[in-house]
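Participant: Structure for this input, please:
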Amino acid sequence: MKTQALVVSLHDVSPHTRPACERILEELSALGIAACSLLVIPNHHRRGHFLDEPAFCQWLKAQAQAGHEIVTHGYFHQRARRAEESTQQKLMTRVYTADEGEFYDLDGQSARDLVAKANAEFAQLGVAPRGFIAPAWLLGAEAEAALRELHIEYTTRLGSVLDLRNNTTHRSQSLVWSVRSGWRRATSIAWNALLFRRLRSNPLLRISIHPVDIEHAAIWRQICRCITHALGTRVPVTYGRWIGSD
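Facilitator: Numbers count the residues shown, from 1 in each chain. Below is the predicted model of the structure:
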């Protein structure tokens, strides 16, 4: 049986979000989180590849050496709108996530190519991601099959962590905040307070942070409170360590 664990993940890490990510990691360290799962986007919204930013590369290598886990997080973190999309597709890719569901309905070959390309690029830094997490956790069936073919060890969705080595699903709804509008922020605070209580006895608690979260004081206070309370009973780990603790 697993010890009760806490995984804090920082999403959307890229050269464009590095200043906010640095602030977040400093504050998390002060709370007692020494290692996070860092979800890195190779070419964030096609605004420039991380390998073209030497300072970012050095910083990312330093984070890995310090014990943070590097996780491949899509490739562009962007999905182009398509003609004749269904209502469900529009809701999932436009409303739920603002055109960022890159792997939601990506075909298998494209998924394989992008994930393999990303991991080969991380290898240039001496980093070997064990996991892949799709933007907004939207991972289609063909893309999941591609991860298995590439021997990716795990992925996560909003409500679970999937060990791809043995097809074991660990149920755990991630706490995550939406800050795009006032009503979303208010709803997030109420929902996550309820979810935190509901997951009190769950073996794994997941707290997913986005760089923009630190810009909203009420959101950031709640994130810090949840982490502080969780550390009273849980061991902080990365996703890689959680999967490896079977």
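Participant: how long is stretch 227-244 from one end to the other?
Facilitator: 22 Å (CA to CA, to the nearest Å).
Participant: Buried residues, it. List them.
Facilitator: For stretch 227-244, a neighbour-count test (16 or more other CB atoms under 10 Å) marks 227, 230, 234, 236, 237, 238, 239, 240, 241, 242, 243 as buried. For every residue, glycine as well, the C-beta is placed using N, CA and C.
Participant: for stretch 20-28, same thing?
Facilitator: 20, 21, 24, 25, 28.
Participant: now it: how far from the chain's centre is it?
Facilitator: Once both centres are worked out by CA atoms, centre = their mean, to the nearest Å, stretch 20-28 turns out to sit 15 Å from its chain's centre.
Participant: which neighbours does the longest strand along the chain have in its sheet, and in what orientation?
Facilitator: When the chain is parsed with DSSP state E, its longest strand is strand 5-13. Sheet pairing for strand 5-13, assigned by DSSP bridges, gives strand 37-40 (parallel), strand 204-209 (parallel), strand 235-237 (parallel).
Participant: For that strand, what is the distance to the chain centroid?
Facilitator: Worked out by CA atoms, centre = their mean, strand 5-13 lies 6 Å from the chain centre.
Participant: Touching the helix or strand following that strand from outside, list them.
Facilitator: Using DSSP states H and E, the next helix or strand after strand 5-13 towards the C-terminus is helix 18-31. With contacts defined as CB atoms under 8 Å, 6 or more residues apart in numbering, helix 18-31 is touched by 8, 10, 13, 36, 38, 56, 59, 63, 68, 209, 211-215, 224, 227-228, 231.
Participant: give me that answer again for 7 Å
Facilitator: Residues from elsewhere that reach helix 18-31, judged by CB atoms under 7 Å, 6 or more residues apart in numbering: 8, 10, 13, 36, 56, 59, 209, 211, 214, 224, 227, 228.
Participant: For the fifth one, which residues are in contact?
Facilitator: For residue 56, the contacting residues are 15, 18, 50, by CB under 7 Å, 6+ apart.
Participant: out of these, who's nearest residue 180?
Facilitator: residue 18 (21.5 Å; CB to CB).
Participant: Cool, thanks, talk later.
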